[in-house]
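Colleague: Okay, predicted coordinates and the sequence, questions at the end:
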Number of protein chains: 2
Amino acid sequence: MVKILGMKRLHIDRPLTLIGMEDEVDRLVAAWRRERPDLDVEPLEVLSRVSRLARHLDRARRLAFSEHGLEPWEFDVLTSLRRAGAPYQLSPGQLLTQTLVTSGTMTNRIDRLAKKGLVERLPDPSDRRGVLVRLTPEGRDRADQALAGLLAQERAILAQLSQSQRGDLAGLLRQLTAPFDNIPG
Amino acid sequence: MVKILGMKRLHIDRPLTLIGMEDEVDRLVAAWRRERPDLDVEPLEVLSRVSRLARHLDRARRLAFSEHGLEPWEFDVLTSLRRAGAPYQLSPGQLLTQTLVTSGTMTNRIDRLAKKGLVERLPDPSDRRGVLVRLTPEGRDRADQALAGLLAQERAILAQLSQSQRGDLAGLLRQLTAPFDNIPG
DNA sequence: CATTTATATCTCGATGTCAAGATACTCGTG
DNA sequence: CACGAGTATCTTGACATCGAGATATAAATG
């Protein structure tokens, strides 16, 4: 690995044919360096890959969940409740911070899940503004089944990396996500 | 870093207070380990972070682009054309593979960008089924301005990492994205 | 206590995305 | 050169999301 910390823009020559495949972001970055040699586009090497990979994962997940008759958004809500532990209930507000959607979206999601019998809405006994969303037994089963399927799929995707690489990757990503998750961005 | 490669599920104890902040995925993983100790949820350490970070980035980008009067989807299309180099034109199909949306979405996007005068549609001279989408001069300017803004923002986000860490992270992500980008998933 | 400020959730209209199918054209074979 | 398979793009209708504002309740302030 080339390390020249003082340089403005550093161009790392990797023997792609030896250590791995080229991806779309490599092509994207090369194109920018040709078209806009005045700019330092190094940040795209990381963050464009994050965005594109997330998009691929969305598609893969949609497929995996369809075998269990769930949409990705349904999975997100049901598993948030499942993780909370018995009695499997959270406020809509708590669900917001876990799923990163707006309140209007969450209201709509809860409505639809309630109509399907996977969750139910209860009044919060300690705050009359509040509501508690509770998983039904069927909702819990569906969440558990879909989770197993998701983990199998993700394990296949991650087989590209060694265990220590996965650990490194998780650690690096944590450093980027922590500011968003803690200082409420 | 603990390395016990033979183990089924390995639990890495990191002194969080010393080497970094906890994030939402740490809490998520801890909750699963409590609720479903029978499952190995290690894959989530990586892929849930990718998804959540992408979501945070979407929000940040929306903000950055609004200063230039652009939506994220407009930026994606315009910069794809900009990167192609003069005469800044691509087929809708080429735009699909770069932006990871469906053909219906791309048709709609091109319609709206054409109505705003940022791109124009031309018949493909070599294939009468085909169309070429070309950037207008104004579209090109808007793309260039927004790109500069985006890079500044991304640099701030990545300041959490050293240069060599950014290189490592890009490399690890490439290993995960390459299969999707090459074997057309 | 009265008033203000903050919080929790919901309502609603606009919009972007997707999936599936329709249409038009090209290419390889026989 | 006719035909079937393949390709490129567009059309359509259903649907999920967002943002802004509405409503109701709680907490803080003087």
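Modeller: Alright, I've got the coordinates.

Colleague: contacts and neighbour counts: CA atoms only from here.
Modeller: OK.

Colleague: how about the strands in chain A?
Modeller: Taking DSSP state E as the test, the strands found in chain A are A:89-90, A:119-123, A:131-135.

Colleague: Give the buried residues for stretch A:43-59.
Modeller: Buried positions in stretch A:43-59, judged by neighbour count with 16 or more other C-alpha atoms under 10 Å in any protein chain shown: A:43-55, A:57.

Colleague: same deal with stretch A:85-99?
Modeller: Of the residues in stretch A:85-99, those buried (16+ other C-alpha under 10 Å) are A:88-92, A:95-96, A:98.

Colleague: Report the lowest-confidence entry in those.
Modeller: Across the buried residues of stretch A:85-99, the member with the lowest pLDDT is residue A:98, scoring 92.

Colleague: what's the closest non-adjacent residue to it?
Modeller: Closest residue to residue A:98 apart from its sequence neighbours, by C-alpha to C-alpha, 6 or more residues apart in numbering or on different chains: residue A:80 at 7.1 Å.

Colleague: now that neighbour: how far from residue A:175?
Modeller: When C-alpha to C-alpha, to the nearest Å is the yardstick, residue A:80 and residue A:175 sit 23 Å from each other.

Colleague: And residue A:150, by the same measure?
Modeller: Residue A:150 sits 25 Å away from residue A:175, going by C-alpha to C-alpha.

Colleague: quick one: contacts for the spatially most central residue of chain A?
Modeller: What sits nearest the mean C-alpha location of chain A, by C-alpha atoms, centre = their mean, is residue A:54, with 6.7 Å. With C-alpha atoms under 8 Å, 6 or more residues apart in numbering or on different chains as the criterion, the residues that contact residue A:54 are B:50-51, B:54.

Colleague: from the residues you listed, which ones fall inside helices?
Modeller: Where the contacts of residue A:54 overlap with helices, as defined by DSSP state H, the overlap consists of B:50-51, B:54.

Colleague: So which of those residues is the closest to DNA strand D?
Modeller: Nearest to DNA strand D out of the ones in helices among the contacts of residue A:54 is residue B:54 (C-alpha to the nearest atom of the strand; 11.6 Å).

Colleague: State the distance from the closest one to residue A:118.
Modeller: 28 Å.

Colleague: a markdown table for the ones in helices among the contacts of residue A:54, including distance to residue B:25 and pLDDT?
Modeller: As requested, the ones in helices among the contacts of residue A:54 are arranged in a markdown table below (distance: C-alpha to C-alpha, whole Å; pLDDT from 0 to 100):
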| residue | distance to residue B:25 | pLDDT |
| --- | --- | --- |
| B:50 | 10 | 96 |
| B:51 | 10 | 95 |
| B:54 | 13 | 94 |
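
Colleague: give me the subset of these touching DNA strand D.
Modeller: With the criterion set as C-alpha under 7 Å from any atom of the strand, no member of those is near DNA strand D.

Colleague: where does chain A dip in pLDDT?
Modeller: Applying pLDDT under 70 to chain A picks out residues A:1-20, A:183-185.

Colleague: Next one: residue A:179 from residue B:160, what distance?
Modeller: For residue A:179, the distance to residue B:160 (C-alpha to C-alpha) stands at 9 Å.

Colleague: ditto for residue A:80
Modeller: Residue A:80 sits 28 Å away from residue B:160, going by C-alpha to C-alpha.

Colleague: Between those two, which is the more surrounded one?
Modeller: residue A:80 (22 against 16; other C-alpha atoms under 10 Å in any protein chain shown).

Colleague: That one reaches residue A:96, doesn't it?
Modeller: No - in terms of C-alpha atoms under 8 Å, residue A:80 does not count as a neighbour of residue A:96; the distance is 10.0 Å.

Colleague: so who does the nearest residue to residue A:122 once chain neighbours are set aside touch?
Modeller: With sequence-adjacent residues excluded and distances taken as C-alpha to C-alpha, 6+ apart, residue A:122 is closest to residue A:132, at 5.0 Å. Residue A:132 makes contacts with A:89-92, A:121-124, as judged by C-alpha under 8 Å, 6+ apart.

Colleague: and these as JSON lines, adding distance to DNA strand C?
Modeller: Conversion of the contacts of residue A:132 to JSON lines gives the following (distance: C-alpha to the nearest atom of the strand, whole Å):
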{"residue": "A:89", "distance to DNA strand C": "11"}
{"residue": "A:90", "distance to DNA strand C": "8"}
{"residue": "A:91", "distance to DNA strand C": "4"}
{"residue": "A:92", "distance to DNA strand C": "4"}
{"residue": "A:121", "distance to DNA strand C": "7"}
{"residue": "A:122", "distance to DNA strand C": "9"}
{"residue": "A:123", "distance to DNA strand C": "9"}
{"residue": "A:124", "distance to DNA strand C": "8"}
